[in-house]
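Enquirer: Give me coordinates for this.
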Amino acid sequence: MTQDQVDGKRIEGTLYYDIISPFSYFYIKQRHRLEKRIDIEPVPILLGGLLRATDNRGPGEVEAKRPHTYQYCVWLAEKLGLPFRFPEHHPFLTVAAQRLLVQQNAQWDMVERAFEYVWVEGNDPNLSWPEFCRYLGLAVDTPKPDAPEVKAKLISNTERAKADGAFGVPTLVINGHTFWGVDTIDWALDYLDRPSMFEEAAYHYAGQVPSGL
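Expert: This is a model prediction of the structure:
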């Protein structure tokens, strides 16, 4: 019996995402593996802002990584049995789309539709905004969000992600611990079974190994 089952309560988690990320798409399509155990809040951020704030770069910005990463995505989609289609160009700006998801307080159904518009239909929302809105179940004349409070909330979400230790997407945060990437779902599940994991000597040491450079 796991600790969350013993306590008789569900654990809360936060998933930071940006629809620019194919790995976030793969993650949300597998979130059912975690939702049996935890309540996951989807939080839209701006990946570009997070990367700049953490002195990081996305694989799409590194010429040598682009073909490898993108072809790996095709393979992973096949492996997971998920429909997958790259948009006509990548990366692209997601500011308007992420603001819209903030404005709508998007829950999982809408979040999933937004990802499918990009990664199943193969579209850039900026080039077909009315259709993107319709795909989300909104009016086709929905304007691109421009309210100061919406802009501020997306910035705040991104700053919150950094404060929580995120440096990319998808990042799941549980009890102050970050799990980055689609390949950490199993790690997160193991952590739920072993909540003292990060207090163990090997994990504690690994988190503080000094740089030799």
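
Enquirer: Look up phi and psi at the nearest residue to residue 18 once chain neighbours are set aside.
Expert: Of all residues not flanking residue 18 in the chain, residue 47 sits nearest, at 3.9 Å (Cβ to Cβ, 6 or more residues apart in numbering). C-betas here are computed from N, CA, C, even on glycine. As for residue 47, its main-chain torsions (degrees, to the nearest 10) stand at phi -60, psi -40.

Enquirer: just checking, residue 47 touches residue 93?
Expert: No - between residue 47 and residue 93 there is no contact under Cβ atoms under 8 Å: 10.8 Å.

Enquirer: These two: who's more crowded?
Expert: residue 47 (26 against 13; other Cβ atoms under 10 Å).

Enquirer: Please name the residues that touch that one.
Expert: 18, 20-21, 58, 94, 168-169 (Cβ atoms under 8 Å, 6 or more residues apart in numbering).

Enquirer: try 7 Å this time
Expert: Neighbour list for residue 47: 18, 20-21, 58, 169 [criterion: Cβ atoms under 7 Å, 6 or more residues apart in numbering].

Enquirer: Any chance of CSV for those, columns distance to residue 99 and pLDDT?
Expert: Output for the contacts of residue 47, formatted as CSV (distance: Cβ to Cβ, whole Å; pLDDT from 0 to 100):
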residue, distance to residue 99, pLDDT
18, 12, 98
20, 14, 98
21, 17, 98
58, 20, 86
169, 16, 98
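
Enquirer: Next one: the residue nearest to residue 18, what pLDDT does it get?
Expert: For residue 47, the pLDDT comes out at 98.

Enquirer: Quick one: residues in contact with stretch 34-45.
Expert: Stretch 34-45 has contacts (Cβ under 7 Å, 6+ apart) with 4, 10-18, 31, 98, 101-102, 106, 108, 111, 154, 157-158, 161, 174, 185, 188-189, 192.

Enquirer: What is the end-to-end distance of it?
Expert: One end of stretch 34-45 to the other measures 21 Å (Cα to Cα, to the nearest Å).

Enquirer: quick revisit: looking at the contacts of stretch 34-45, which are in strands?
Expert: Secondary structure from DSSP state E places 11-17, 174 of the contacts of stretch 34-45 in strands.

Enquirer: just the buried members of the residues you listed?
Expert: Burial by neighbour count, 16 or more other Cβ atoms under 10 Å: within these this picks out 11, 13-17, 174.

Enquirer: same for the one helix or strand residue 130 maps to, what does it pack against?
Expert: Secondary structure from DSSP states H and E places residue 130 in helix 129-135. When contacts are defined as 3 or more Cβ pairs under 7 Å, 6 or more residues apart in numbering; DSSP states H and E, helix 129-135 packs onto helix 108-119.

Enquirer: Thanks a lot, see you next time.
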